[in-house]
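[1] Quick check, what structure comes out for this input:
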Amino acid sequence: KSRQQISSKIVALAQKLNACNHSFLGILHEEGICILSASGSVQSANNIPKSDPLCNFLENIKEFTAIKDLPEEKELAKSEYLNEIGGIKYMAILPIINKEYSTLGFLVVLNEGIPSTDLNIAENLDLLYPQSKEVLIAHSTELEDQILSKAMVLSQDLITILGADGKIIKVNKAFKTLLGYDEKEISDKPVLDYIHPDDVKSTMKQIQLLVKGEEQTTIFYHRLKCQNGEYKTFAWRATGDLENNLVFAIGRDISEETKNKERLLASEEKFRSFFENSQGLMLTHDLEGNFLSFNSYGARLLGYTVDEMLTKKLWDIIPSKFRFEIDDYIKEIKEKGEAQGLMTTFQANGQLKVWLYSNKLEKDHFGNEYVIGNSIDITERLRLEKRIQNAKEFLNQTHAMAKIGGWKYDVEKQSINWTDITKSI
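    Okay, here's the model as predicted:
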C-alpha cells in the first residue's frame, strides 16, 4: 500500500476507535506541522504554520496529553487552525518520538464533546503508534533527502557521502567547480586516491572514528588533488550514520587562507629572528610604559633576563634624575607617532648606559596602540669622544705653557693653517 493510504487508514481508525469527530497525523518540520492525513472536517483544514499557537503548544508535548475543556486553554484561543474547524471541546495528543528522543510528529483526535469514560483513548492511540511512527520516519527521510539534494546542488562547498570502506558514493557539483571532477568520474572510487599521501593516515583515522561510532561529528583537514595535478586544502566537518554505515561530510576550500597563514608565519619567523638576533636593544611597550617584548641581546646588555624585563616599566630602568623626560617622550610619540633621541639607563649592577633610540607608534590587529623601539648602545662612543676632547684640551694647554706652535700645509690646495699658539709666537 502507498504511504498516503496507510496514513489515511491510521487517522480513520483513530477517529472510529475513539468515537471522535476529527483526527489527523502531522509531521513536524521547520515551517510548522505538515498534515499528512486527516479525517472529518479536518480534511479541509490547512497545515499548521509555525505562527499558529497550536504549533507551539504541540511542540512542547512529550507524552500522551488530553485537553478536556479546550475553550479554557487561553493560549489556543487564537489558533486559526482550531478556529477553522470550530466547536472543538476535547483534544488528545500522542507525540511520535524517534530513537534520538526528538519529536517526529503527532497523532491527534478532536471532538465536540468529552468522550465516554468507557473509552481508553491513550491505549487506543498507542495501538496506532508503530504504524504512525513508520509513516513519519519515511516522510522525514524523504524530506531530509530533498533538503540534502537541494543543498548538494546549491552549495559552493564540497559535499560528499562515503561508505565505511572509504569509497565515494555521491558528490555534489562543487567537486567539478573546485577540483575538476564530475560525479561519474569520481563515484565508487576510494577517497584515498585523491588525498595527499601525507594526509591519508590522519583522514582515515577520523573516518574510522565515525564509522565505529566513537565520534558523532569530527573536524579534520587535508589536501585533495585537483584534476590538473595541483593540491587544494579543505577543512571538513563530517558525521557518521551507524545504521547505514555511511559518512556525510562538507568540505570548505581554505587553500588561500592556508597560504596567507603560511606567509604570515614566515614573516613572523623572519621578524622574530631579526628581533632576537639584533645587535642592539629592540623592544615594544604600551603607552603606560609597560614592556611587552624585549630581545635577548638587549636584556643581556642591561644585566637581566627577558622574563625579568617583561615585569618592568620604562621608569624601572631609567635613573631618577632623567625620569622627568619619560612623560615628554610619551607625549611626543602620541602626538607625532614617533620619537628619536638619547636615553640613559642603568644596568642591574648600577652602571649607566646611553642609547641612541628611534621609536615608532604602531597598532595591533585589535586596534591597540603600542610602541616598537630600536636603540643602539653609544656608551663607549661617548666615552671615547670625551677622552679625545680631554686629550685635545690637555695638549693645547701644554703647548701654550711650553710656547710650542704648529702648522699644517695642504699640498693639493696649497694652503697653510697655523695653530693659535704659533700665531701668538
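
[2] contacts, neighbours, all on C-alpha from now
    Noted.

[3] low-confidence ranges in the stretch 151-300 of the chain?
    151-154, 267-268, 270-277, 279 (pLDDT under 70).

[4] where along it do the helices fall?
    174-178, 183-186, 200-211, 255-277, 296-302 (DSSP state H, counting those that start in this stretch).

[5] for these, which one sits closest to residue 416?
    Closest to residue 416 of the helices of the stretch 151-300 of the chain is helix 296-302 (Cα to Cα; 46.9 Å).

[6] rewinding a little: adding distance to residue 49 and mean neighbour count, write the helices of the stretch 151-300 of the chain out as TSV.
    What follows is the helices of the stretch 151-300 of the chain, written out as TSV (distance: least, Cα to Cα, whole Å; neighbours: other Cα atoms under 10 Å):
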stretch	distance to residue 49	mean neighbour count
helix 174-178	34	17
helix 183-186	38	14
helix 200-211	36	17
helix 255-277	42	13
helix 296-302	68	20
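
[7] So which of the ones you listed is nearest residue 225?
    helix 174-178 (10.4 Å).

[8] Dump that closest one to PDB, keeping only the CA atoms.
    Output of helix 174-178 as PDB, limited to C-alpha atoms (Å, rounded to 0.1, in the frame of the first residue of the first chain):
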ATOM      1  CA  ALA A 174      31.200  21.700  -6.400                       C
ATOM      2  CA  PHE A 175      33.700  18.900  -7.000                       C
ATOM      3  CA  LYS A 176      33.600  19.900 -10.600                       C
ATOM      4  CA  THR A 177      34.000  23.600  -9.800                       C
ATOM      5  CA  LEU A 178      36.700  23.300  -7.200                       C
END
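
[9] Does anything pack onto it? Which helices or strands?
    Here helix 174-178 touches strand 158-163, going by 3 or more Cα pairs under 8 Å, 6 or more residues apart in numbering; DSSP states H and E.

[10] outside of the strand it packs on, which residues touch it?
    When contacts are defined by Cα atoms under 8 Å, 6 or more residues apart in numbering, strand 158-163 is touched by residues 152, 168-175, 245-252.

[11] Please apply the same query to stretch 164-176.
    Against stretch 164-176 from outside (Cα under 8 Å, 6+ apart): 152-153, 155-163, 181-183, 186-192, 204, 207-208, 211, 245-247.

[12] Kindly give a single PyMOL line that selects the buried subset of those.
    Of the contacts of stretch 164-176, the buried ones go into a single PyMOL selection, burial set by 16 or more other Cα atoms under 10 Å:
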select buried, resi 152+156+157+158+159+160+161+162+163+181+183+186+187+190+191+192+207+208+211+246+247
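
[13] And the nearest residue to residue 10 once chain neighbours are set aside, how far from residue 57?
    Spatial nearest neighbour of residue 10, excluding adjacent residues (Cα to Cα, 6 or more residues apart in numbering): residue 128 at 6.6 Å. Between residue 128 and residue 57 the computed distance is 22 Å (Cα to Cα, to the nearest Å).
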